[in-house]
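Participant: Need a 3D model of the sequence below.
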Amino acid sequence: MSRTILTLAFIGLALTLVGMGTDQPQSIFDEMSHSEVLEMTLDISFDSIAVNRRTNKKIKANMKFMDALGKPQSWNTEVNVRGKFRRVRCADMPPLKLNFKKNELTAAGLSTSNDLKMVTQCAENEEVAKETLMREYLVYKLYNEVTNYSYRVQLVKITFNDTESEASKSQWAFLIEDTAQLRSRVGAEKFGKKENFNFDQLKPDEEKTTALFQYLIGNVDWGMANRKNLKLIRSGHQLIGVPYDFDFAGIVKAPYAKANSTLGIATRFDRLYLGNSKNYNDLKSTIELFFSKKQALIKVITDFKLLNREARKDMANYLELFFSEGKDVEIVTNLTATR
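Facilitator: Numbering: from 1, shown residues only. Predicted coordinates:
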């Protein structure tokens with residue numbers, strides 16, 4: 001593996017972390033999160049991706065990008081196709097996971113958080129694909145505003161180069177930080193996939209925050225009990241659910257998203273509260289939290305000029321509909337906001 005890691009850059013980043021009150025080392029995700037948009041390339045066999053769409057087989061690849069000082073970095077990685085619905089639905093390039101070698105990360109002075117999820121464009125029409133991806137990216141940014149128990153994301157403009165031909169393709173994508181890094185960042189521990197739990201173990205405030213956020217964005221494609229599109233982490237004696245995969249949310253408007261008729265939803269834009277706490281009195285403080293974040297949430301959308309004006313207005317209006325009705329109900333589960 002060839003790469004340029006300047007000692008000066010690492011010291012500067014380390015000092016930044018000290019100033020933030022943490023002694024956590026930088027991660028490969030942090031190395032890539034120095035600008036709003038990161039340009040990168042991934043050299044990989046297109047045929048291997050096509051053949052392994054339904055497997056988790058790792059494919060050798062090489063990733064290149066510029067660091068914060070404008071110096072090139074090059075990393076040998078192993079890549080596998082990930083996801084369920086989108087791994088077969090995304091015709092051009094399926095979502096991927098980038099796997100780095102821990103010993104090489106350590107040698108570079110980085111943490112051993114060694115895998116990054118990549119969300120790719122997933123629609124035949126280029127403009128629709130870009131808009132859908134940008135909308136989902138913004139949902140992650142919205143959740144960052146609400147709670148630290150959320151995945152950070154990095155927007156990238158990526159060029160895929162086929163290692164077996166001269167073919168290449170460029171598109172928008174975004175990276176999601178490693179769950180291990182998220183746990184380290186918030187002082188949490190791993191909770192195994194096969195470990196059983198009950199709702200009494202959930203941190204009440206965060207459970208309600210997660211559920212109300214999913215309601216805010218019009219997403220019913222998740223579940224706390226079955227951990228659907230949600231990662232559980234342990235904080236002390238309590239568990240916290242961290243959601244991901246928001247493409248079926250009404251605010252995202254993915255062209256392939258459909259209404260879930262089994263839940264009694266008429267359109268994919270309807271809202272339905274799926275949290276454990278359903279009484280308005282239980283949710284009052286959480287609703288107040290969201291209202292206190294209203295301007296910041298709207299600003300996340302309106303300031304993001306990479307998304308066209310019409311789409312930004314549409315997303316902001318979807319949030320405004322929640323805020324116009326949210327304080328006037330006794331039970332949130334009675335609310336549906338159809339557009």
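
Participant: now stretch 194-201, how far from the centre of its chain.
Facilitator: Between the centre of stretch 194-201 and the centre of its chain there are 24 Å (CA atoms, centre = their mean, to the nearest Å).

Participant: Give me the contact list for it.
Facilitator: 191, 207, 224, 225, 232, 237, 238, 239, 276 (CB atoms under 8 Å, 6 or more residues apart in numbering). The way it works is simple: take the backbone N, C-alpha and C, and place the C-beta from them, glycine included.

Participant: Then stretch 44-57?
Facilitator: 59-62, 79-82, 87-88, 93-94, 96, 160-165, 167.

Participant: Buried ones among those residues?
Facilitator: 59, 61-62, 79-82, 87, 93-94, 96, 160-163 (16 or more other CB atoms under 10 Å).

Participant: Quick check, residue 256 in contact with residue 122.
Facilitator: Yes - counting by CB atoms under 8 Å, residue 122 is a contact partner of residue 256 at 7.4 Å.

Participant: rewinding a little: can you tell me which of the contacts of stretch 44-57 are in strands?
Facilitator: If you go by DSSP state E, the contacts of stretch 44-57 have 59, 60, 61, 62, 79, 80, 81, 96, 160, 161, 162 in strands.

Participant: any chance of the residues you listed in JSON lines, plus distance to residue 251 and pLDDT?
Facilitator: Shown next, in JSON lines, are the ones in strands among the contacts of stretch 44-57 (distance: CB to CB, whole Å; pLDDT from 0 to 100):
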{"residue": "59", "distance to residue 251": "33", "pLDDT": "97"}
{"residue": "60", "distance to residue 251": "37", "pLDDT": "97"}
{"residue": "61", "distance to residue 251": "33", "pLDDT": "98"}
{"residue": "62", "distance to residue 251": "36", "pLDDT": "98"}
{"residue": "79", "distance to residue 251": "30", "pLDDT": "97"}
{"residue": "80", "distance to residue 251": "29", "pLDDT": "96"}
{"residue": "81", "distance to residue 251": "27", "pLDDT": "95"}
{"residue": "96", "distance to residue 251": "24", "pLDDT": "96"}
{"residue": "160", "distance to residue 251": "28", "pLDDT": "97"}
{"residue": "161", "distance to residue 251": "34", "pLDDT": "97"}
{"residue": "162", "distance to residue 251": "35", "pLDDT": "97"}
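
Participant: Skipping its backbone neighbours, what lies nearest residue 323 in space?
Facilitator: Closest residue to residue 323 apart from its sequence neighbours, by CB to CB, 6 or more residues apart in numbering: residue 294 at 5.5 Å.

Participant: Mind pulling up the pLDDT for that neighbour?
Facilitator: Residue 294 carries a pLDDT value of 96.

Participant: Mind picking the two most distant members of the contacts of stretch 194-201?
Facilitator: Using CB to CB, the contacts of stretch 194-201 reach their maximum pairwise distance at 225 and 237, which is 19.5 Å.

Participant: State whether residue 139 is indeed within a helix.
Facilitator: Yes - under DSSP: H, G, I helix; E, B strand; the rest coil, residue 139 sits within a helix.

Participant: domains of the chain?
Facilitator: Annotated domains of the chain cover 7-181, 189-334 [automatic domain parsing].

Participant: three-state assignment of residue 314?
Facilitator: Classified using three-state DSSP, residue 314 is helix.
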